[in-house]
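In: Build me a structure from this.
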Amino acid sequence: MPMRESGDRLRSLFLTVPAAVRRDYAATVAVHWCTLGTGLLLFHLVARRDGVGGFAFYQIARGWVAALQPLILVGLGTGLPRYLPRAGAAAPGLVRGALGVQVMILAVVAAAVLTPSEAVAVRLGLDGGTAAVAAIAVLLAGNCLCNTVVAGLRGTGQVTYANVASLTGFAVLPVVAFAVTHRIEAFLVLYGAGMAAVAAAAAVVTKPPATAAADPPALSAILRYGVRRLLGDLALPALFAFPALAVAVARPGAPEVGYVGFVTSAITLACAFVGMLTPVLLPRLSAHFHHGTGGPSLDRALVLMPLAAAGVVAVPVLIIALPAPMLIRHFLGAEFSATVPLLRIGMLAAVPLAVFYAVRPTLDALHEWPVAANPVVGCLALQVLSTYALSRFLDLPLATVIALALAAAALGLTCWLKLRREMAKRAL
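Out: Numbers count the residues shown, from 1 in each chain. Next comes the predicted model:
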């Protein structure tokens, strides 16, 4: 009976979500999938046109953008959606101030890499020298500026504009830039410049949120909130990157590096549905908690939501894990059969990660302190230690995916227990 009652409550959870939230979530997930699809398409296009050298350059550029972006954004991607619903008429000015901070940080980074650009190019294995490094710097700048203004639009409640800016900057522009250029450096420069232009245009149309604010936050408060989450922002992608990195370091050039990388990519795809909960829910929850609206029914729904997220993600996990031999044979080839056991075990990590993604917007809305971000750092440490402990008894690739699953389980359970405690306090 308790299980049946929980199932009924989970089924009714979807129906209790306001239609506007369901619509914004569906649109945001669709834009996210378009962006993922564009990324896969560009892999194919760059490889066909620019060959092995151009493909390697593109991979290096993407890798450095992914690695440096959290440091340059300094948590603004979370801070702006959290504070702008409370900012009233000051919100557009805060968005422009955040863009100014980004420009200053990017100027420092550009000076650091462009002054010794030839040496940097050699260290990165690039043949283009200054032009190659400059192209990556422009791509990084455009990406960070576009992400900042999209976060600002979400914070002011302009979800449609945010999705249009995201779709244009991250999905449409790269395809257009590729089509009108003939060299990989020109493609990256035009892509980055286009994203910067989208950021500028989106900043112009940013309007105050619907709710007024008597005491709007200062930009320094938003930055302080974001900086506190910086370690967590860096640790989360490291959870996914560490397994392949550990195998690559121990077995340079071994095919198992690709096997493990494929597993982490599959986990990311399975979690894509719930990964978009934060940009949709964080601004709304921040406004609810700040103005004291919502009530016990909202709190109960927020406790149930991680369970629903785990159930949703369990479906693609089963779809991928059960027919894994057939999927691997048809998608990668029969010679990749060693990926099957790694995939089946690694996919288990997606379910607790879905719980984390569903808990995070609530904890980030409730607390200035990084209650959801700090456990990520601890679980990354657990993953590293578990990998090396398990590798004494198991093959290293298998040890890395088991360690990832253990770290994910610890992360999901820890954050969900934190959420239950917070909701219990609010009920008193």
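
In: hey, let's count contacts and neighbours off CA atoms from now on
Out: Will do.

In: so where's the chain uncertain?
Out: Low-confidence segments of the chain, defined by pLDDT under 70, span residues 1-16, 52, 116-129, 212-213, 253, 294, 428.

In: Okay, domains of it per the record?
Out: Residue ranges for each domain of the chain read 18-220, 229-428, as given by automatic domain parsing.

In: With mean neighbour count as extra columns, can I get the ones you listed in a markdown table?
Out: Formatted as a markdown table, those follow (neighbours: other Cα atoms under 10 Å):
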| stretch | mean neighbour count |
| --- | --- |
| domain 18-220 | 19 |
| domain 229-428 | 19 |
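
In: so where do the helices sit in the stretch 151-300 of the chain?
Out: Along the stretch 151-300 of the chain, counting by DSSP state H, counting those that start in this stretch, helices occupy 159-167, 173-180, 184-205, 219-228, 230-250, 256-270, 272-275, 277-291, 296-321.

In: With A90 as the reference, name the closest of those helices.
Out: Minimum separation from A90 across these (Cα to Cα) falls at helix 219-228, 10.1 Å.

In: Figure out which of the helices of the stretch 151-300 of the chain is closest to V377.
Out: That would be, of the helices of the stretch 151-300 of the chain and by Cα to Cα, helix 230-250, which comes in at 5.6 Å.

In: how far is the closest one from where the chain is centred?
Out: Put simply, helix 230-250 sits 14 Å off its chain's centre (Cα atoms, centre = their mean, to the nearest Å).

In: Can you list the helices and strands that it packs against?
Out: With contacts taken as 3 or more Cα pairs under 8 Å, 6 or more residues apart in numbering; DSSP states H and E, helix 230-250 sits against helix 19-73, helix 256-270, helix 374-390, helix 396-427.

In: how about those helices in TSV, adding distance to H291?
Out: Putting those into TSV (distance: least, Cα to Cα, whole Å) gives the following:
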stretch	distance to H291
helix 19-73	18
helix 256-270	35
helix 374-390	26
helix 396-427	14
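
In: so which of those helices comes closest to I345?
Out: Nearest to I345, of all those, is helix 396-427, at 6.7 Å by Cα to Cα.

In: Now the residue nearest the centre of the chain. Nearest residue, chain neighbours left out?
Out: Note on the chain: the residue nearest the mean C-alpha position is G275, at 7.0 Å, using Cα atoms, centre = their mean. Closest residue to G275 apart from its sequence neighbours, by Cα to Cα, 6 or more residues apart in numbering: Y357 at 5.7 Å.

In: same check, this time on V351
Out: Per Cα to Cα, 6+ apart, closest to V351 is A310, 5.1 Å.

In: is it true that the one you found touches L348?
Out: No - A310 is not in contact with L348 according to Cα atoms under 8 Å; the separation is 10.8 Å.

In: what's the overlap in contacts for those two?
Out: In terms of Cα atoms under 8 Å, 6 or more residues apart in numbering, A310 and L348 are not both contacted by any residue.

In: Run through the residues that contact L145.
Out: Contacts of L145 by Cα under 8 Å, 6+ apart are L99, Q102, V103, M195, A196, A199.

In: mind checking how far it is from K425?
Out: To K425, L145 is 38 Å away according to Cα to Cα, to the nearest Å.

In: who are the neighbours in contact with the residue nearest to the centre of the chain?
Out: A354, Y357, A358.

In: could you list every residue that touches the closest residue to V65 other than its chain neighbours?
Out: Nearest residue to V65, sequence neighbours excluded (Cα to Cα, 6+ apart): L140, at 5.3 Å. Counting by Cα under 8 Å, 6+ apart, L140 makes contact with V65, L68, Q69, G192.

In: With adjacent residues omitted, what lies nearest to A365?
Out: According to Cα to Cα, 6+ apart, the nearest residue to A365 is S286 (4.7 Å).

In: Isn't I72 up against G142?
Out: No - I72 is beyond contact range of G142, at 11.7 Å (criterion: Cα under 8 Å).

In: Am I right that V46 is in contact with G54?
Out: Yes - V46 lies in contact with G54 (Cα under 8 Å); the separation is 6.8 Å.

In: Please identify every residue contacting each of the two.
Out: Both V46 and G54 are contacted by I184, under the criterion Cα under 8 Å, 6+ apart.

In: Is Q383 in contact with A403, as I believe?
Out: Yes - the criterion here is Cα under 8 Å, and Q383 meets it with A403 at 5.1 Å.

In: Chain neighbours aside, what residue packs nearest to A132?
Out: Nearest residue to A132, sequence neighbours excluded (Cα to Cα, 6+ apart): E185, at 6.1 Å.

In: wait, doesn't E185 sit right on V133?
Out: No - if you go by Cα under 8 Å, E185 and V133 don't touch, sitting 9.1 Å apart.

In: quick one: T278 and F356 touch, right?
Out: No - if you go by Cα under 8 Å, T278 and F356 don't touch, sitting 10.6 Å apart.

In: Who are the contact partners of L398?
Out: Taking Cα under 8 Å, 6+ apart, we find L398 in contact with L342.

In: tell me which element the residue nearest to G155 when sequence neighbours are not counted is part of?
Out: Nearest residue to G155, sequence neighbours excluded (Cα to Cα, 6+ apart): P81, at 3.6 Å. Per DSSP states H and E: P81 is located in helix 76-83.

In: can I get the CA coordinates of that helix in CSV?
Out: Taking Å, rounded to 0.1, in the frame of the first residue of the first chain, the C-alpha atoms of helix 76-83 are listed here in CSV:
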residue,chain,number,x,y,z
LEU,A,76,27.0,33.8,-12.7
GLY,A,77,25.1,31.0,-14.5
THR,A,78,23.5,30.2,-11.1
GLY,A,79,23.7,33.5,-9.4
LEU,A,80,21.8,35.6,-11.9
PRO,A,81,18.7,33.2,-12.1
ARG,A,82,18.7,33.1,-8.3
TYR,A,83,18.9,36.8,-7.5
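
In: Name the next helix or strand downstream of it, please.
Out: Using DSSP H and E, the helix or strand that follows helix 76-83 in sequence is helix 91-114.
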